[in-house]
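Trainee: Return atomic coordinates for the entry below.
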Amino acid sequence: MPLVAVLALAGCSSSDDAASDASAVVSAAADVTGTADCLSPEVLVALGLSDGASGPVSSSATPHPAASPAGPVPADLVVASVVECTPGGPLVDTAGTWSSVRSRRLEGDTAPLVHALGGPRSAASATAGAGATSCASSASGQGTSGQGASGQGASGQGATEPMDVWLVDALGRAARVQVPTACDGTPQPAVTRALAALQVTDDETYPVVLVEPSPSATAKR
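Mentor: Residues are numbered from 1 along each chain as shown. Below is the predicted model:
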């Protein structure tokens, strides 16, 4: 086979490999699914409300579908609203005391939040690398005496709580996205500021696990 043909084939092979690599990067973004769901088993595990083994003992008999792993913001998702999932407080009903999950729908200018979340995968990877370097240098410079991001997080209400975020388009399709964190594991300030700037259009709290049965419910067993 002529040398030119061999080189041409090699070039095609390299192009195909590059295309496959690019395809893999695109597919690594967060999956766009039918709806945002704060009661999804994976979300409850991420929020520390379920161990994922026995599953939640919910007051609702309706099973909730599994959620895809949180990923970078999909480049082709036009964000119209946001669903924020956080642990709720104790809920009491006739069955007893439940742990709960809080679901808030937020609307408004979502561009600052999308930017704070890192945007496309390549930007998210760069942000993650920079964060790691910053945390390492901060730890070496302050030692154990500095408050760091932990001190700032403790001053804001709910800032130290775990958080799960879904980005939703106008058709209701949603993507569960990664939330960049500070050195102490709390959401980065840019994320919390962007969320705080949005308007709450729906705020619901749902029971998850029955922590303490009521005396009357126990007596009936």
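
Trainee: you'd agree residue 46 is up against residue 164?
Mentor: Yes. Shown here, residue 46 and residue 164 form a contact pair, counting by Cβ atoms under 8 Å, at 5.4 Å. Just so you know, the C-beta spots here come from the backbone N, C-alpha and C atoms, and that holds for glycine as well.

Trainee: So for those two, which residue has more residues nearby?
Mentor: residue 164 (26 against 20; other Cβ atoms under 10 Å).

Trainee: ranges for the strands of the protein?
Mentor: With DSSP state E as the criterion, the chain has strands at 32-33, 81-93, 96-107, 164-168, 174-177, 199-213.

Trainee: Now for residue 46 and residue 164: what residues contact both?
Mentor: residue 70 (Cβ atoms under 8 Å, 6 or more residues apart in numbering).

Trainee: So for stretch 109-119, could I get the coordinates as CSV, restricted to C-alpha?
Mentor: C-alpha atoms of stretch 109-119 as CSV (Å, rounded to 0.1, in the frame of the first residue of the first chain):
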residue,chain,number,x,y,z
ASP,A,109,-32.4,35.0,36.1
THR,A,110,-30.8,31.6,36.2
ALA,A,111,-27.7,32.6,34.2
PRO,A,112,-25.6,33.5,37.4
LEU,A,113,-26.4,30.1,38.9
VAL,A,114,-25.5,28.2,35.7
HIS,A,115,-22.2,30.1,35.7
ALA,A,116,-21.6,29.4,39.4
LEU,A,117,-22.2,25.7,38.7
GLY,A,118,-19.4,25.6,36.2
GLY,A,119,-21.3,25.5,32.9
